[in-house]
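Q: Here is a sequence with its predicted model. Questions after.
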Amino acid sequence: MDRITFHYDTVLSDVHLLLPNASHLMARLNGVGQPVFISKFKILWNGEKQDSGESGSPCREEELERYTQEESRCKETGSETDEEEDGVQDPSLDEDGDLEVTRRPRQNLADSRAHRDTIHPIILSQAKVEEEDEEEDVNERPGDVIRIEHTMATPLEDVGKQVWRGAFLLADLILSRPTTFTGATVLELGAGTGLTSIVMATVAKKVYCTDVGEDLLHMCQKNVTLNKHLMEPTGGEVRVRLLDWLRHDFCTDAEAEFGWTEEEVADLHDNTTVIIAADVCYDDDLTDALFRTVYRICTNLAHPCTTYLSIEKRLNFTLRQMSVSCEAYDHFRHCLSELAEQKDGRTGFRVEQVTPCFPQCLQYERVEQLELWKVTADPI
């Protein structure tokens with residue numbers, strides 16, 4: 001593999017462009033030949049947590065301050081240069097009237113290469129987890145870092161293999177309000193890489209981490225294994241399971257690797273009180289299927305349930321409307337309204353937007369287009 005090829009249908013998550021990591025190390029190729037990378041996401045504790053009113057990570061603020069200082073230095077240097085130029089006489093010319101330019105003396109090619117920094121294409125190099133662990137910061141506590149396997153660029157149907165900002169927003173909510181989810185049984189829909197389920201398992205009793213696609217579910221299971229040390233102190237558990245929104249039943253096939261047992265299906269219906277989904281509304285048909293699944297599950301639960309949905313409002317210019325629009329977001333809001341107006345005599349739904357006034361606990365750019373919605377389902 002000499003290079004990563006981007007096609008017309010390639011989707012790239014900008015989370016990876018803003019990570020404070022020094023490099024992204026390729027761990028392997030997945031079952032369909034896509035490069036899989038490992039990234040580390042540091043959890044900010046106590047004084048390290050960012051003020052919720054600020055967008056962007058601390059590293060971006062430091063870069064801005066550094067840039068301002070460099071700019072001021074450049075201005076000072078420029079002013080000094082201007083003063084010097086005032087006293088400079090006309091440039092010297094050769095006998096033909098051409099401007100004489102002082103040329104840099106040529107060096108030996110071997111000597112010039114010796115002083116040049118070696119460039120390593122880290123993004124395409126095969127990483128060994130053992131070697132990477134040795135290079136970790138000695139002051140870094142194991143409980144401070146979430147390690148996630150993910151891809152960086154995929155077709156639209158494989159975007160679940162990437163990391164998206166909606167997952168970070170939900171993780172911030174969980175980490176900043178742990179008592180809300182302590183001891184709960186939780187279902188995540190469209191879990192993708194499993195980042196939010198892993199964070200939830202640090203406070204919840206049990207998390208059913210669900211999605212579709214054997215390759216994606218294997219990646220998710222690998223991430224759960226990589227981060228077991230985060231769940232061990234509280235005894236939280238993550239079970240990776242197949243859940244297809246386009247089907248009306250659970251896969252209970254005993255031969256299916258990520259199938260459900262009858263006991264798990266019963267446990268889900270008897271004990272689930274929280275449902276979460278992060279940045280899964282980018283296609284209208286899938287959004288419809290998501291809300292049908294939320295409605296179907298909530299109306300069959302033994303207890304009232306709260307659903308948290310995070311979404312990023314993505315602005316797109318469309319030729320059809322000749323203006324900027326958010327069609328996927330608009331359809332999401334339409335489905336929310338329909339759910340709130342649903343009257344079946346069995347379950348009532350209340351929809352409200354949650355203001356992200358909680359602190360930022362992970363390093364990412366919390367843009368203003370990120371939204372969090374809360375849906376409360378109560379039996380009538």
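A: Arrived safely, thanks for sending.
Q: State the mean pLDDT of the helix or strand that contains residue 241.
A: Per DSSP states H and E, residue 241 falls inside strand 237-242. The average pLDDT within strand 237-242 is 98.
Q: quick one: buried residues of the next helix or strand after that strand?
A: Sequence-wise, the next helix or strand downstream of strand 237-242 (DSSP H and E) is helix 262-271. Neighbour-count burial for helix 262-271, counted by 16 or more other C-beta atoms under 10 Å, picks out 264, 265, 267, 268. To be clear about C-beta, it is placed using only N, CA and C from the backbone, and glycine gets the same treatment.
Q: Would you list the phi and psi of the closest residue to residue 242 other than its chain neighbours?
A: The shortest distance from residue 242 to any non-neighbouring residue, by C-beta to C-beta, 6 or more residues apart in numbering, is to residue 258 (4.3 Å). Taking degrees, to the nearest 10, you get phi -110, psi 30 for the backbone angles of residue 258.
Q: so residue 258 makes contact with residue 243?
A: No - the criterion here is C-beta atoms under 8 Å, and residue 258 misses it with residue 243 at 9.1 Å.
Q: between those two, what contacts are shared?
A: By the contact definition C-beta atoms under 8 Å, 6 or more residues apart in numbering, residue 258 and residue 243 are jointly contacted by residue 251.
Q: Now tell me what touches the strand holding residue 241 from outside.
A: Residues outside strand 237-242 that contact it (C-beta under 8 Å, 6+ apart): 191, 194, 197-198, 201, 205-212, 217, 220-221, 224, 231, 251, 256, 258-260, 264.
Q: burial measure for residue 295, as a count.
A: If you count neighbours by other C-beta atoms under 10 Å, residue 295 ends up with 19.
Q: Just say helix, strand or coil for it.
A: What DSSP: H, G, I helix; E, B strand; the rest coil gives for residue 295 is helix.
Q: Next one, pLDDT for it please.
A: The model's pLDDT for residue 295 equals 97.
Q: List the residues that contact it.
A: Taking C-beta under 8 Å, 6+ apart, we find residue 295 in contact with 339, 342, 349.
Q: Where neighbours are concerned, which of the residues you listed has the most?
A: Among these, the one with the most neighbours (other C-beta under 10 Å) is residue 349, at 21 neighbours.
Q: Quick check: which element contains that residue?
A: strand 347-354.
Q: now swap in residue 222 and tell me
A: Assigned by DSSP H and E, residue 222 falls in helix 214-226.
Q: Next, the angle from that helix to strand 237-242.
A: Calculated by axes from the mean of the first three to the mean of the last three C-alpha atoms, to 10 degrees, helix 214-226 forms an angle of 170 degrees with strand 237-242.
Q: Quick one: list the elements packing against helix 214-226.
A: Secondary-structure packing of helix 214-226 (3 or more C-beta pairs under 8 Å, 6 or more residues apart in numbering; DSSP states H and E): strand 145-150, helix 195-200, strand 206-211, strand 237-242.
Q: what's the most buried one of those?
A: helix 195-200 (a mean of 29; mean count of other C-beta atoms under 10 Å).
Q: what residues does that helix touch?
A: 41, 146, 148, 163, 167-168, 170-171, 174-175, 181, 186, 188, 191, 207, 209, 220, 223-224, 227, 230-231, 236, 238, 276, 278.
Q: what about residue 334, distance to residue 341?
A: Residue 334 sits 11 Å away from residue 341, going by C-beta to C-beta, to the nearest Å.
Q: Those two - which one has more neighbours?
A: Set side by side, residue 334 and residue 341 show more neighbours around residue 334, with 14 against 9, by other C-beta under 10 Å.
Q: In what element of secondary structure is that one found?
A: Residue 334 belongs to helix 327-340, assigned by DSSP H and E.
Q: now that helix: mean pLDDT?
A: If you average the pLDDT over helix 327-340, you get 95.
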